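**Student:** Need the 3D shape of this:
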Amino acid sequence: MASAITPSNSISKQMHLDQVRFQRVIDYIYDHLNEKIDLNTLSEIACVSPYHWHRIYRGLCGETLAVTVKRLRLHRAAGELANSQTPIETVASTSGYSRLQSFNRAFSETYGMPPAKFRQQGSHTLFNKYAFPNACKNRTTEMMDVTLKKIESFEVLAMPHTGSYMNIGNAFEKLFGWLGMRGLIGPQLRSVGLYYNDPDSVPENELQSAACIALPSLEGIELDSNIERKSIINGEYAVLRHIGPYSNMRSAYQWLYGEWLANSGREVADQPAFEEYLNNPREVPPAELITDIYMPLKAKA
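**Tutor:** This is a model prediction of the structure:
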């Protein structure tokens, strides 16, 4: 882990400029996933030559722009398939694929099955059986991996996000870029998402969350205006170990709050749930992503 030394004024100004450019490109990608996105356009937005911007981006993110765009498009598509009845042709179009055949092929390569089969048989359907009472008569909580865990409070660097929880990756991309420019990415880093609202009761464009990073020490780190220090509150949590695409999270939460909590004899505490991401979506396929969902519990009477 690189030491957190406050940079000189000239270096700090350059890092700020690079950060602004990087964030501008990330925003453009998320806002135009349904359109053609090429390196020349993104380099113009960054005000850097295509050759240099390609090298800068890959150095910060560990993947090419083309891989990032494909990953985000298919992530959006998986969320639509898992959580809506939007026609597959429309999902393909809004994910930047003009031909359904190309979309089917790309989705199958990444998610292990074509879109239609994913909607009907993807791992999110396991949670749906338990989240919706009429879906299955013989329900059981034993099939899900939930443990009770007491944690000590810890501090994180947080970048707020407003809008769909499926798009919190926008904030994570920016936060990791900010860390990378300062040499703060290392093996002891923990990636955490804080979620403040129930997406079934708050309009999507008003949902509040935060992309967070925990480091061994925050001492000496000079923060930008869009990055905050927050504390994850100590206490007892019900922890659901979830393995699979992030698009499954909504169904997982419905099961955890609607099924497990109702049968546990416990009450949820009045503080945010959070997720800890135990591996990297750039390094493993969606089916192998591991996420621990932490639901805060009131202390036993």
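
**Student:** When you work out contacts or count neighbours from here on, use the C-alpha atoms and nothing else.
**Tutor:** Noted.

**Student:** Would you map the helices across the chain?
**Tutor:** With DSSP state H, the ranges of helices along the chain come out as 9-31, 39-46, 50-61, 65-83, 88-94, 100-111, 115-121, 124-131, 169-181, 249-255.

**Student:** Tell me which of those helices approaches Tyr294 most closely.
**Tutor:** Proximity to Tyr294 (Cα to Cα) singles out helix 249-255 among those, at 10.0 Å.

**Student:** and the closest one, what does it pack onto?
**Tutor:** On a contact count with 3 or more Cα pairs under 8 Å, 6 or more residues apart in numbering; DSSP states H and E, helix 249-255 meets helix 124-131.

**Student:** average pLDDT for the helix it packs on?
**Tutor:** Taken as a whole, helix 124-131 has an average pLDDT of 67.

**Student:** Over to stretch 19-30?
**Tutor:** In this model, stretch 19-30 has a mean pLDDT of 89.

**Student:** mind checking how far it is from the chain centre?
**Tutor:** Centroid separation for stretch 19-30 versus its chain: 17 Å, with Cα atoms, centre = their mean, to the nearest Å.

**Student:** Alpha carbons of that stretch, in PDB - could you do that?
**Tutor:** Presented in PDB, the C-alpha positions along stretch 19-30 are these (Å, rounded to 0.1, in the frame of the first residue of the first chain):
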ATOM      1  CA  GLN A  19      -9.700  13.100 -12.200                       C
ATOM      2  CA  VAL A  20     -12.100  15.600 -13.900                       C
ATOM      3  CA  ARG A  21     -11.300  14.100 -17.300                       C
ATOM      4  CA  PHE A  22     -11.700  10.600 -16.000                       C
ATOM      5  CA  GLN A  23     -15.100  11.300 -14.300                       C
ATOM      6  CA  ARG A  24     -16.300  13.100 -17.400                       C
ATOM      7  CA  VAL A  25     -15.600  10.000 -19.500                       C
ATOM      8  CA  ILE A  26     -17.200   7.600 -17.000                       C
ATOM      9  CA  ASP A  27     -20.400   9.800 -17.000                       C
ATOM     10  CA  TYR A  28     -20.500   9.800 -20.800                       C
ATOM     11  CA  ILE A  29     -20.200   6.000 -20.900                       C
ATOM     12  CA  TYR A  30     -23.000   5.500 -18.500                       C
END
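
**Student:** buried sites along that stretch?
**Tutor:** For stretch 19-30, burial by neighbour count (16 or more other Cα atoms under 10 Å) applies to 19, 21-23, 25-26, 29-30.

**Student:** Same check on stretch 83-93?
**Tutor:** By 16+ other Cα under 10 Å, the buried positions in stretch 83-93 come out as 83, 88-89, 91-93.

**Student:** ok, how many other residues are close to Leu289?
**Tutor:** 18 (other Cα atoms under 10 Å).

**Student:** pretty sure it contacts Asn279?
**Tutor:** Yes - the criterion here is Cα atoms under 8 Å, and Leu289 meets it with Asn279 at 6.2 Å.

**Student:** Which residue, neighbours along the chain excluded, lies closest to Ser153?
**Tutor:** Leaving aside its sequence neighbours, Ser153 sits nearest to Asn234 (Cα to Cα, 6 or more residues apart in numbering; 4.2 Å).

**Student:** Distance of the one you found relative to Leu240?
**Tutor:** Counting by Cα to Cα, to the nearest Å, the gap from Asn234 to Leu240 is 17 Å.

**Student:** and these two? which has more neighbours close in?
**Tutor:** Leu240 (21 against 12).

**Student:** The more buried one contacts Tyr294, doesn't it?
**Tutor:** Yes - between Leu240 and Tyr294 there is a contact under Cα under 8 Å: 6.7 Å.

**Student:** before we move on, back to that, may I see the helices of the chain arranged in a markdown table, with distance to Thr162 as well?
**Tutor:** Formatted as a markdown table, these follow (distance: least, Cα to Cα, whole Å):
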| stretch | distance to Thr162 |
| --- | --- |
| helix 9-31 | 13 |
| helix 39-46 | 23 |
| helix 50-61 | 23 |
| helix 65-83 | 17 |
| helix 88-94 | 21 |
| helix 100-111 | 27 |
| helix 115-121 | 27 |
| helix 124-131 | 24 |
| helix 169-181 | 9 |
| helix 249-255 | 17 |
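
**Student:** Which of those helices comes out lowest on mean pLDDT?
**Tutor:** Minimum mean pLDDT among the helices of the chain: helix 124-131, a mean of 67.

**Student:** Residue ranges of each domain in the protein, please.
**Tutor:** 68-122, 146-296 (automatic domain parsing).

**Student:** Tell me which of those domains sits nearest to Leu60.
**Tutor:** Leu60 lies closest to domain 146-296 among these, at 5.8 Å (Cα to Cα).
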